[in-house]
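S.K.: Fold the following for me, if possible:
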Amino acid sequence: MKIQNLTTQVQYGENEESRVDELELMELAKAAAHKAYAPYSRFRVGVALKMADGTLFSGSNQENAAYPSGLCAERVTLFYANAQKPNVAVDTLLIYAETDEGALEQPITPCGACRQVILEKEHLQGSPITIILCGRDKMYRIRGIDNLMPLTFVGDVLPK
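M.R.: Take a look at the predicted model:
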């Protein structure tokens, strides 16, 4: 068996280094996190995204006492945006999380299910999405889901 090393490219820096459009997305994501329904985990996630036509959408995680019935903020936002503008590409997706103590120090990454949804959206639109992960003071900027999930599974392999 051979070994192949996979690499990931992530830009990182301080939140003060954000561009004006990213600051607007960050404020939208924070506002969305405040609207999260998270009475069990007290872990609130807000997402804001910008479409290729400039339209902005935001969403938050939605929990349920039957845990598998809840939905992550990333999927809530992506599904809503796709329902409203199915033929418009997603340009940027910004993720922010907080607890009762405030913003998390370290940025969080999307769960595996959300990564798969982002992958399929990229695949369908034919272009990578810039994913921005925001913590209290740090942010990571990632161009394309391949940098978070290098070995991917897309629907092309499924029998028709």
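S.K.: Please point out which parts of the lengthiest strand in the chain sit buried.
M.R.: The residue-count maximum for a strand in the chain (DSSP state E) belongs to strand 90-99. Of the residues in strand 90-99, 90-98 count as buried by neighbour count, 16 or more other C-beta atoms under 10 Å. Where C-beta positions appear, they are placed from N, C-alpha and C, glycine not excepted.
S.K.: Which neighbours in the sheet does the least confident helix or strand in the chain by mean pLDDT have, and how are they oriented?
M.R.: The least trusted helix or strand in the chain, going by mean pLDDT, DSSP states H and E, turns out to be strand 11-14, with a mean of 79. Paired neighbours of strand 11-14 in the sheet (DSSP bridges): strand 138-143 (antiparallel).
S.K.: Not counting its own residues, what contacts the strand it pairs with?
M.R.: Here strand 138-143 makes contact (C-beta atoms under 8 Å, 6 or more residues apart in numbering) with 9-15, 17-18, 22, 105-107, 128, 130-133, 148.
S.K.: Next: stretch 152-160.
M.R.: 116, 119-120, 123, 145-146.
S.K.: Could you check the pLDDT of residue 104?
M.R.: Predicted confidence (pLDDT) for residue 104: 96.
S.K.: Identify the residues contacting it.
M.R.: Residue 104 makes contact with 97-98, 135-136 under the criterion C-beta under 8 Å, 6+ apart.
S.K.: Residue 49: what's it in contact with?
M.R.: By C-beta under 8 Å, 6+ apart, the neighbours of residue 49 are 25, 56-58, 77-78, 81, 90-94.
S.K.: Could you do residue 71 as well?
M.R.: Counting by C-beta under 8 Å, 6+ apart, residue 71 makes contact with 61-62.
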